[in-house]
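>>> need a structure here:
(one chain, ligands or ions: 1)
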Amino acid sequence: MKKFKSLIICIIIIVFSVSKTNAQPKFQLPQLGYAYDALEPFIDTQTMQIHHLKHHQSYVDNLNKALENTATENLSIEDILKNISSYSIAVRNNAGGHYNHSLFWTILTPDKNTKPSERLLQAINQQFGSIDSLKKLLISAAAGHFGSGWAWLSVDNNNKLFVSTTPNQDNPLMDIAEKKGKPILGIDVWEHAYYLKYQNRRMDYLLAIWNVIDWEEVSRRYEMIE
Ligand code: MN
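Predicted coordinates:
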């Protein structure tokens, strides 16, 4: 009987440890919808590779690590972000890093001819005057942001578009954000996003990346909100 008991315990331990090693990490690196060289010459291949495979991967790994043994299994990344003030700084940095980059890859495209939808264009015209004024506002906000961070086009609680910047890997979904809303376009202004090709010339990077914004995806995100 004693032998049988320890056998059962043994099996339980084995099953438990196997299921633990086979468990998928909660968050995973998303695939890009295009090749690493697809955004050339605006964003170079090596920057895309390092940015996606190294930087984004480490946000994912560090987020999974920071959430180990916390009761977050059933929470989405958005759930975590909207209560980010109750998490550790490691969760804040890496949940932000994972969300921001996941959005960033999808709003870029090698297709140079994408256009905002009727509804988004109307909202842009109403809020900023024209798409060109939005470009100026967003790019100057991004250029003027001190240090690492992001520039955003978001939708606030009254369904109004607004431009803002956030430091580090913060974003407008976070409860600690100065201006809260749902981001539909985000531009990474960390040096790792442009340094290999543009070095200190952040403005050149911003003018270049404007050519590869996927306005169809930005419109899709906009229309999902309303
Ligand atoms: Mn980045």
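>>> alpha carbons only for contacts and neighbour counts from here, please
Fine.
>>> wait, what's in contact with Asn171?
Under the criterion of Cα atoms under 8 Å, 6 or more residues apart in numbering, the neighbours of Asn171 are 96, 100, 150, 177, 183.
>>> quick one: classify it as helix, strand or coil.
Per DSSP: H, G, I helix; E, B strand; the rest coil, the local secondary structure of Asn171 is coil.
>>> and it, how far is that from Ile187?
11 Å (Cα to Cα, to the nearest Å).
>>> tell me which of the contacts of Asn171 fall in helices.
In this view, these that belong to helices under DSSP state H are 96, 100.
>>> any chance of the contacts of Asn171 in CSV, plus neighbour count, distance to Asn113 and pLDDT?
Formatted as CSV, the entries for the contacts of Asn171 read as follows, by neighbours: other Cα atoms under 10 Å; distance: Cα to Cα, whole Å; pLDDT from 0 to 100:
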residue, neighbour count, distance to Asn113, pLDDT
Gly96, 27, 30, 98
Asn100, 21, 24, 99
Trp150, 23, 24, 98
Ala177, 18, 33, 98
Pro183, 25, 22, 98
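>>> now render the contacts of Asn171 as TSV, adding distance to Ala66.
Written out in TSV, the entries for the contacts of Asn171 read as follows (distance: Cα to Cα, whole Å):
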residue	distance to Ala66
Gly96	13
Asn100	17
Trp150	22
Ala177	21
Pro183	24
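>>> Phe162: which of the contacts of Asn171 is nearest?
Pro183 (9.3 Å; Cα to Cα).
>>> my guess is Gly186 meets Ser102, correct?
No. Taking Cα atoms under 8 Å as the definition, Gly186 is not a contact partner of Ser102, at 10.2 Å.
>>> compare these two (neighbour count), which wins?
Just comparing Gly186 and Ser102: by other Cα atoms under 10 Å the higher neighbour count belongs to Gly186, 27 against 17.
>>> which of the three states applies to the more buried one?
The three-state label given to Gly186 by three-state DSSP is strand.
>>> now do the contacts for the closest residue to it other than its chain neighbours.
In space, not counting the residues next to it along the chain, Gly186 is nearest to Trp152; the distance is 4.5 Å by Cα to Cα, 6 or more residues apart in numbering. For Trp152, the contact set (Cα under 8 Å, 6+ apart) comprises 138, 163-165, 172, 183-187.
>>> ok, 6 Å please
When contacts are counted by Cα atoms under 6 Å, 6 or more residues apart in numbering, Trp152 is found next to 163-165, 185-186.
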